[in-house]
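> Next come a sequence and a model predicted from it.
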Amino acid sequence: MSHSAESGLAAGAAQEGERLPAFEAPNRIEETFRRLGETGGTALIPFLTVGDPDLDTTLDIIEQMEKAGADVLELGVPYSDPLADGPVIQRASARALEQLITVRTCLDVARKARERGVQMPFVLFTYYNPILQTGLDLFFEEASRNGISGLIIPDLPYEESEDMLRRADRVNIALIPLVAPTSSERIDKILRSGRGFVYCVSSLGVTGERASFHDGVDAFIRDVKSRTDLPVAVGFGISGRDQVERFAELCDGVVVGSAIVRTIETLIPDLMNADKREDALLQIREFVAELKV
Ligand SMILES: O=P(O)(O)OC[C@@H](O)[C@@H](O)c1c[nH]c2ccccc12
C-alpha cells in the first residue's frame, strides 16, 4: 500500500513527512531502567498474548502482573504465523485469534490498562505483517496515542529498519532491537540504532521453556553489554526463579513469556468460572511474583 494511501486512511494522522510534536517527556522505559539502576534491581519483563483467553481477562492479568512486581510488560499481538514462537505461544496466539484480536484491540487494551491505573511501560510485541495491515502511519499514531512505550518486531526486515526507527523516534516509542548469538558481524550496527533496551535472545530456535542454556550465553551477554550503553535484557527459555537469578547477575532485565503463558493456559477453565476466577488470577500473580528478584 502506498504511503499516500496509508496517510489518507488515518484521519488526523500526521501527513507523510510532517513532524509530530517533539516529545519532551522521557520514555517510560528509560525511567524504569534508571529507577532500577539506582536500586540495583533487575527488570522483570513478562510477555503475554493479548486476548488469551479474552480481553477482559488480559486486563485483569495485566493488573495482577503489576501488583506482582513486573517492571515492563510485553503485550503480544497474536499472529497466524508466529514463526519464532514455540508451541505454548503458538496455542495462545490461536486462542486469541479466535477472539478476533487485532493490533487495534491490543492498543485498546493498553489504553484501558492505563485507565485502570497501571503504570508500567508497555512494549508492543508484534510481527511485521500486522503493522503493515494496520498501515504504518496509522499504526505509529495509534500506538503513541494509546501509551505504547516500546516496540519489538522480531521479523522486521533489515532494509525496513531505518524507516521504522525514524517513525518510532518521531512518536517517542523505543524500537527495541533483538540480538542473537548469530548476530555477531552486524551486532554493532543493530546496537547503534537500538532504543529502550537491548533484547538478547539467550539461545537459537524458538521461544519456550528450557531446562538449561548453552554455556556461551554468559559470554554473549557480557559481549553485548560491553558494546552498548543501553540496558540489556535476556529472554528465551527462562521459566523459574533460579534461572532469573542466574541472568540477573549478568544483565539489567529478564523476559519471561512461555512459562507465564502456560500458567495462564492451565488456568483458563478457572479464569472462565466466576467462582474460581479471583483465585486463578491470584495464582498468576503469585507465579509472576516468584520471578521478581
Ligand atoms: O517464551 P520465552 O521462552 O520465555 O521467551 C520470551 C518470549 O516469549 C517473548 O519475548 C517473545 C514472544 N514471541 C517472540 C518471538 C521472538 C522473540 C521473542 C518473543
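Looks like it came in fine.
> hey, let's count contacts and neighbours off CA atoms from now on
Will do.
> What residues does the stretch 101-250 of the chain have near the ligand?
Within the stretch 101-250 of the chain, the residues that sit near the ligand (Cα under 6 Å from any ligand atom) are 154, 207, 208, 209, 235, 236, 237, 238.
> got JSON lines for those, with neighbour count too?
Putting these into JSON lines (neighbours: other Cα atoms under 10 Å) gives the following:
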{"residue": "154", "neighbour count": "17"}
{"residue": "207", "neighbour count": "24"}
{"residue": "208", "neighbour count": "22"}
{"residue": "209", "neighbour count": "19"}
{"residue": "235", "neighbour count": "24"}
{"residue": "236", "neighbour count": "24"}
{"residue": "237", "neighbour count": "23"}
{"residue": "238", "neighbour count": "27"}
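> if you look at these, which of them are in helices?
Using DSSP state H, no member of these falls within helices.
> Not counting residues beside it along the chain, what's closest to the residue in the stretch 51-200 of the chain that the ligand sits nearest to?
Closest to the ligand within the stretch 51-200 of the chain is residue 84: 4.6 Å, counting by Cα to the nearest ligand atom. Using Cα to Cα, 6 or more residues apart in numbering and skipping residues adjacent in sequence, the residue nearest residue 84 is residue 206, 4.9 Å away.
> What about the one you found? Give its phi and psi, please.
In terms of degrees, to the nearest 10, the main-chain angles of residue 206 are phi -110, psi 170.
> Residue 237 now?
phi 90, psi -10.
> which residue packs closest to it, ignoring adjacent ones?
Closest residue to residue 237 apart from its sequence neighbours, by Cα to Cα, 6+ apart: residue 209 at 3.9 Å.
> Correct me if wrong: the one you found contacts residue 239.
Yes. With contacts counted by Cα atoms under 8 Å, residue 209 reaches residue 239, the gap being 5.7 Å.
> what touches both of these two?
Common neighbours of residue 209 and residue 239, counting by Cα atoms under 8 Å, 6 or more residues apart in numbering, are 258, 259.
> May I see the residues of the stretch 101-250 of the chain next to the ligand arranged in JSON lines, with pLDDT and distance to residue 191 as well?
Formatted as JSON lines, those follow (pLDDT from 0 to 100; distance: Cα to Cα, whole Å):
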{"residue": "154", "pLDDT": "96", "distance to residue 191": "15"}
{"residue": "207", "pLDDT": "94", "distance to residue 191": "22"}
{"residue": "208", "pLDDT": "95", "distance to residue 191": "25"}
{"residue": "209", "pLDDT": "93", "distance to residue 191": "26"}
{"residue": "235", "pLDDT": "97", "distance to residue 191": "17"}
{"residue": "236", "pLDDT": "95", "distance to residue 191": "19"}
{"residue": "237", "pLDDT": "96", "distance to residue 191": "23"}
{"residue": "238", "pLDDT": "97", "distance to residue 191": "23"}
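> want to throw those residues into TSV with distance to residue 171?
Listed next are those as TSV, based on distance: Cα to Cα, whole Å:
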residue	distance to residue 171
154	20
207	29
208	32
209	34
235	26
236	29
237	32
238	32
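> buried sites along stretch 51-61?
Within stretch 51-61, the residues that qualify as buried are 51, 52, 53, 54, 55, 57, 58, 59, 61, counting by 16 or more other Cα atoms under 10 Å.
> Does that stretch reach the ligand?
No. Stretch 51-61 stays clear of the ligand (Cα under 6 Å from any ligand atom), getting no nearer than 13.6 Å.
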